[in-house]
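Enquirer: Provided below are the primary sequence and the corresponding predicted coordinates.
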Amino acid sequence: MSVNQIEVVDMHTGGEPLRIIKSGYPPVEGDTILEKRRFVRDRLDHLRQFLMFEPRGHTDMYGALLVEPSDPQADLAVLFMHNEGYSTMCGHAVIALGRYAVETGLVPAVEGETIVRIECPCGLVTAHVSVEKGRAGDVWFSSVPAFLIERDILVDVPGCGDILCDIAYGGAVYALVPADAAGLEIGKSPVAEFISTANRLVERVNATTDFSGTLGGDLGFLYGAIFTDLIAPSKDALTRNICVFAEGQVDRSPTGSGVTARLAAAHARGLVAIGERCTFESVTGSRFWGEVEGETAFNGRSAVTVRVGGRAYFSGESRFWLEPEDDLGRGFLVR
């Protein structure tokens, strides 16, 4: 395996890391964003492991590779990566990339608010970056069409029995699980128990349910499970959730695409109105706000667009390389 020097900038949104790859990646081939995603998955996956895994990363590291946009409306395009592979949407990364694009001059800063159009594997996502005296601050984004896929389904999870959940799409597909339905309590049950339950639930659903007819083969898979408290999204109360995705990766933020999915499901159930701003809290105590922006459609299905807002911070820069005899330096995971 050959690795040139790779330069990165690290950020975090609500505590969730984002390693943005600045330079050192080989050219990524493909005419569309999904073709590019397949190319890095099939041809360059050793670099994902090099950057996400130990000794440079860890089980819960998250990354973003900027590529040439295929959508003429986009200012930039991004491929997301994590401990298992490549996701289709990532809200915390979009929030960070909005600020990154303005701070680094990828998109010229406009005082007051700068628009950054980001092509993601799930589609075009528009970030709105607040700018004061040339400096970027809070960011919110407008989602791709989001919707409730299945309501009140029972999943027979090994070791847990039947667990009641909804399946919703917010750029990625999530199982929305009331924590108590899985015998768990947010803030009290060990995080390891959420990981174990989520892994079994996601494996069972993906083995028994095909979402490709709804979303296509590249998007049509259950990405993770979001465990929620008993408080439905509303303007009057804070609601908490824990998202477990990929190979047992725990989101430190409230999960931007997860907030999108939760609001889409809540709107479909008649629990939240258009424009009703709700607050979501993560395992770290960090918060995003979200609101249903408006109604739309997706392949003949009723859907909504959702706004999600938060704040990202820079945490450092690094330059990585691999010495020829360093086998462990290729990447490994202990957990």
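Expert: The structure has been received and is ready for your questions. Residues are numbered from 1 along each chain as shown.

Enquirer: going forward, measure contacts between C-alpha atoms and count neighbours the same way
Expert: Noted.

Enquirer: tell me which residues of stretch 193-204 are tucked away?
Expert: Phe194, Ile195, Thr197, Ala198, Asn199, Arg200, Leu201, Val202, Arg204 (16 or more other CA atoms under 10 Å).

Enquirer: Show me the contact partners of it.
Expert: Stretch 193-204 is touched from outside by 155-158, 160, 175, 182, 184, 222-225, 227, 244-245, 247-250, with contacts defined as CA atoms under 8 Å, 6 or more residues apart in numbering.

Enquirer: Restricted to helices, list the residues you listed.
Expert: With DSSP state H as the criterion, helices contain none of those.

Enquirer: Pull out the buried residues from those residues.
Expert: Of the contacts of stretch 193-204, these count as buried by 16+ other CA under 10 Å: 155, 157, 175, 182, 184, 222-225, 227, 244-245, 247-250.

Enquirer: coming back round to it: in TSV: the buried residues of stretch 193-204, plus pLDDT, secondary structure and distance to Ala232.
Expert: Output for the buried residues of stretch 193-204, formatted as TSV (pLDDT from 0 to 100; DSSP: H, G, I helix; E, B strand; the rest coil; distance: CA to CA, whole Å):
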residue	pLDDT	secondary structure	distance to Ala232
Phe194	98	helix	20
Ile195	98	helix	22
Thr197	97	helix	22
Ala198	98	helix	20
Asn199	97	helix	24
Arg200	97	helix	25
Leu201	97	helix	22
Val202	97	helix	22
Arg204	95	helix	26
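
Enquirer: As JSON lines, these with distance to Cys120 would be great.
Expert: Below are the buried residues of stretch 193-204 laid out as JSON lines (distance: CA to CA, whole Å):
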{"residue": "Phe194", "distance to Cys120": "28"}
{"residue": "Ile195", "distance to Cys120": "26"}
{"residue": "Thr197", "distance to Cys120": "29"}
{"residue": "Ala198", "distance to Cys120": "25"}
{"residue": "Asn199", "distance to Cys120": "25"}
{"residue": "Arg200", "distance to Cys120": "28"}
{"residue": "Leu201", "distance to Cys120": "26"}
{"residue": "Val202", "distance to Cys120": "23"}
{"residue": "Arg204", "distance to Cys120": "27"}
